Every structure is written in structure tokens, then in C-alpha cells.
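> only the shape, not the letters, is given here:
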Ligand code: GRF
């Protein structure tokens, strides 16, 4: 089929279960993307271990070593230059990126958020959903724009809120759907991607 696979840089800060779901998807011969780099702002991110074990290149840019977001991001950009990257995939990356960085990757950077955007932007989504007595929540893969959690939606998955749910139980159920949503979103990106 001569697939020209999309080259992804996955940004993580911790556990990396979405990254793992993408790694699994990338094993499928017909999956239209490959992970060329996993970048973490935390040296102890668990996901780095799995990436290394899979033979994927990793980069660590520890934000604590920088005095501003801009200098941190300049180092990230510098590291990225060593790779050919079509899309940055934020997967539990816990740093807010400045408009300066986002603009350089506009249309080529996506994020996953654990709510049905535009509802429940920001943090603690599951606790807020429960406090509001919502019957349904979910997850959203969206393009990243300078305004947080506001870019065009690529894929959404709905998840029912069940009697007795806690933020943790709800998070776990939503996470299962995140792992389905992200590979699906990457397939959609590939379908619309124009090779420059
Ligand atoms: C996910 O719930 C994601 O939606 C949120 O952070 C979490 C990351 O989990 N942005 P993981 O590191 O992919 O396991």
C-alpha cells in the first residue's frame, strides 16, 4: 500500500497510558502513523521507560531547569529539530504551552482532554462533572490553539456517569475511551493530512 505514515512526537508528563495505546495502534501494519519521538518534561515519567523498551527515541526537557516558559519551549523546539515530525500529540503533557509555541505548530498539534468539550475545560473534570450531577461525560481529542482546550474537535467519546461513581472510577472509565479515541483521531488526521 506504500503508506506514507504520519510521524508523531508524543509529549507526556507521567503514566503515559495514552502513549501506550498509540504505540499499540502503531503496531498495526495498516495504521497510518508511527511514533518517532516521546518527549517528557519530567525525567521520571513512567511512560519514558515503555518508550525506550519499544526502541522509540526519547527526549527529556525538564521544565524545572528553565526560568520561563519561553526558554523551556525554545529548548523543546531545538530538540524537535533533530527529527522529522508531522504532528505533536499531547498525551497527559502537564505544561501549558504559550501562544508563541502553539502558533508554530498550529494545525499540527493535538491534545486529549477528559471531558466532552466545550464542557469542563481545565483540570479536575471528573469531580466537577459529579458535583454537577451530570449523567454523561467523556473525552475529546482536539487541535491545540492558544486558548486552552478550545481547538477544533477531532473525535469525542461519550461515557455514562454511573450511580456511586467517584472521580477515580469515572476517570478510569473515561480513560478506556481515551485509548480508543486517540488512535481513531490519528487515523482522521492521516485522512485529511496533505503532504507539504
Ligand atoms: C488523561 O486522562 C488525559 O486525558 C489527561 O491526562 C491523562 C493522561 O493519562 N490530559 P496518561 O498519562 O495518558 O495515562
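Okay, I see it. Predicted model only: the values in this text are computed from it and were never measured.

> what residues does the chain put near the ligand?
12, 14-18, 91-92, 112-114, 175, 178 (Cβ under 6 Å from any ligand atom). (C-beta placed from N, C-alpha, C; glycine too.)

> select the longest helix from this protein.
When the chain is parsed with DSSP state H, its longest helix is helix 167-192.

> who are the packing partners of that helix?
Judged by 3 or more Cβ pairs under 8 Å, 6 or more residues apart in numbering; DSSP states H and E, helix 167-192 is in contact with strand 6-12, helix 17-26, strand 33-40, strand 87-90, strand 109-113, helix 125-131, strand 136-143, strand 153-160.

> and it, what's buried?
Using 16 or more other Cβ atoms under 10 Å as the test for burial, helix 167-192 gives 170-171, 173-175, 177-179, 181-183, 185-187, 189-190.

> repeat that for stretch 71-90.
Using 16+ other Cβ under 10 Å as the test for burial, stretch 71-90 gives 72, 73, 75, 76, 80, 85, 86, 87, 88, 89, 90.

> same deal with stretch 156-170?
Within stretch 156-170, the residues scored as buried using 16+ other Cβ under 10 Å are 156, 157, 159, 161, 165, 170.

> farthest pair in the residues you listed?
The largest separation in those, counting by Cβ to Cβ, is between 156 and 165 at 19.3 Å.

> can you give me the end-to-end span of stretch 157-174?
8 Å (Cα to Cα, to the nearest Å).

> do the same with stretch 15-32
Terminal residues of stretch 15-32 lie 24 Å apart, using Cα to Cα.

> could I get the buried residue list for it?
Residues of stretch 15-32 classed as buried: 16, 17, 18, 19, 20, 21, 22, 23, 25, 26, 31, 32 (neighbour count, 16+ other Cβ under 10 Å).

> give the burial count for the closest residue to the ligand within the chain, as a bare number.
As assessed by Cβ to the nearest ligand atom, the ligand sits closest to residue 92 within the chain, at 2.6 Å. Other residues within reach of residue 92, judged by other Cβ atoms under 10 Å, total 21.

> cool, residue 123 as well?
Per other Cβ under 10 Å, the neighbour tally for residue 123 reads 9.

> any idea which helix or strand carries it?
Taking DSSP states H and E as the definition, residue 123 sits outside all helices and strands.

> over to residue 117?
Using DSSP H and E, residue 117 falls within no helix or strand.

> hey, what's the spatially closest residue to it that is not a sequence neighbour bridged with?
Distances taken as Cβ to Cβ, 6 or more residues apart in numbering put residue 140 closest to residue 117, at 4.2 Å, once the chain neighbours are dropped. In this structure, residue 140 bridges to residue 113, residue 156 when assessed by DSSP bridges.

> can you name the residues that contact residue 140?
112, 113, 115, 116, 117, 153, 155, 156, 181 (Cβ atoms under 8 Å, 6 or more residues apart in numbering).

> does the residue of the chain closest to the ligand sit in a helix, a strand or a coil?
coil (DSSP: H, G, I helix; E, B strand; the rest coil).

> I figured it hits residue 12, correct?
Yes - if you go by Cβ atoms under 8 Å, residue 92 and residue 12 touch, sitting 5.5 Å apart.
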